[in-house]
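Trainee: Here is a sequence with its predicted model. Questions after.
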Amino acid sequence: MAVITNPEPNILALQGEIDLHESPLVKDRLLGMLAEKPPCVFVDLSGVTYIDSSGLATLIEALQRAQTYSGKLALYGIRDNVRNIFHIARLDQVFRIFPDKVSALAALN
């Protein structure tokens, strides 16, 4: 089961497994945030232990939505096992990925 929180404005923190059952909840939260068209949205993946193709598709859709209004979506705190999934899918070349919140905020704000 995933835990989805919004600890700060424009930051969505995820924990647990992001799979077929949890992706719709993540999608609703992300698209809700993007509906307000913030310049940057950050997704904290430091608590994510697993992500499947539906979770990746959710993040891709959010990235595309942000790009429609020239917004940015950045990911940070990705664990090595989850980073490997992004690497295999070549999504590490699509998303802006940062090691931590400080570097993500510094780069995009």
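Mentor: Alright, I've got the coordinates.

Trainee: Show me what the helix or strand hosting V82 is packed up against.
Mentor: Assigned by DSSP states H and E, V82 belongs to helix 80-88. When contacts are defined as 3 or more C-beta pairs under 8 Å, 6 or more residues apart in numbering; DSSP states H and E, helix 80-88 packs onto strand 40-51. For glycine as for every other residue, the C-beta is placed from the backbone atoms N, C-alpha and C.

Trainee: if you set the cut-off to 10 Å instead, what comes out?
Mentor: strand 40-51, helix 53-68, strand 72-76 (3 or more C-beta pairs under 10 Å, 6 or more residues apart in numbering; DSSP states H and E).

Trainee: possible to save those as a markdown table with distance to I85 and mean neighbour count?
Mentor: Below are those laid out as a markdown table (distance: least, C-beta to C-beta, whole Å; neighbours: other C-beta atoms under 10 Å):
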| stretch | distance to I85 | mean neighbour count |
| --- | --- | --- |
| strand 40-51 | 6 | 20 |
| helix 53-68 | 7 | 17 |
| strand 72-76 | 12 | 22 |
